[in-house]
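In: Give the three-dimensional model of this entry:
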Amino acid sequence: MYYITRDVDGVWRGADTTKLQLPMSKAAADKHALVYDTGHEFASHKLIAVGADDTPYLRFSVGVDDWKNKKVVVPGKTKFAAPTGGKWDVFDKLPQTWPATVRRSIMAPSPAAYGKAFPNPWFIHFKSGPEEDRSATYIWLGHCENGYAVRSGGPAPSPKD
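Out: Model prediction:
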């Protein structure tokens, strides 16, 4: 997972404030723009929030899905990241030290809805039904740290199945 910013003068920079020329080599990207090395897994951006001091805060997931066969190879894990002193710090849980407005924004309801208290680790996730029934909608109750709630014998599998 990589992240760079473009300032008002059109200059691209990494978290370490190095000026970057695009296109850039993988070596340059790894040195100046790497947030998290996913290894053989894939990263998926979920949300980016920007603090009052222009610090970027990221929420992303890492895992492997076989989208053709609709199978999870490596279950997704939610990660959080923010730069400190020119390097990215990556967390497995939402840091309580982040500004309150950032914590609310980074957990914004990109899924259908969140719980009453905000930010809240519980959320409702939905997606359209399978190709054979596009009129269907699957709905799941999920938790950022503990995964999806599974109702035994329910008609729809977990989105991780």
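
In: Got the confidence number for residue 142?
Out: Note on residue 142: pLDDT of 75.

In: Now do the helix or strand it falls within: which elements does it pack against?
Out: Assessed by DSSP states H and E, residue 142 sits inside strand 137-143. Using 3 or more CB pairs under 8 Å, 6 or more residues apart in numbering; DSSP states H and E as the contact test, the elements touching strand 137-143 are strand 122-128, strand 147-148. All C-beta atoms are positioned from the backbone trio N, CA, C, and that covers glycine.

In: could you pull out the strands for the chain?
Out: With strands called from DSSP state E, the chain shows them at 5-6, 12-13, 19-20, 42-50, 56-66, 71-84, 87-91, 113-114, 122-128, 137-143, 147-148.

In: returning to that earlier point: so in that sheet, which strands flank the strand holding residue 142, and in what orientation?
Out: Strand 137-143 has its sheet partners listed here by DSSP bridges as strand 122-128 (antiparallel), strand 147-148 (antiparallel).

In: if you average pLDDT over each of the helices and strands packed on strand 137-143, which comes out lowest?
Out: Here the lowest mean pLDDT among the helices and strands packed on strand 137-143 goes to strand 122-128, at a mean of 67.

In: How far off centre is stretch 79-96?
Out: Computed by CA atoms, centre = their mean, to the nearest Å, the chain-centroid distance of stretch 79-96 equals 12 Å.

In: That concludes my questions; thank you for your assistance.
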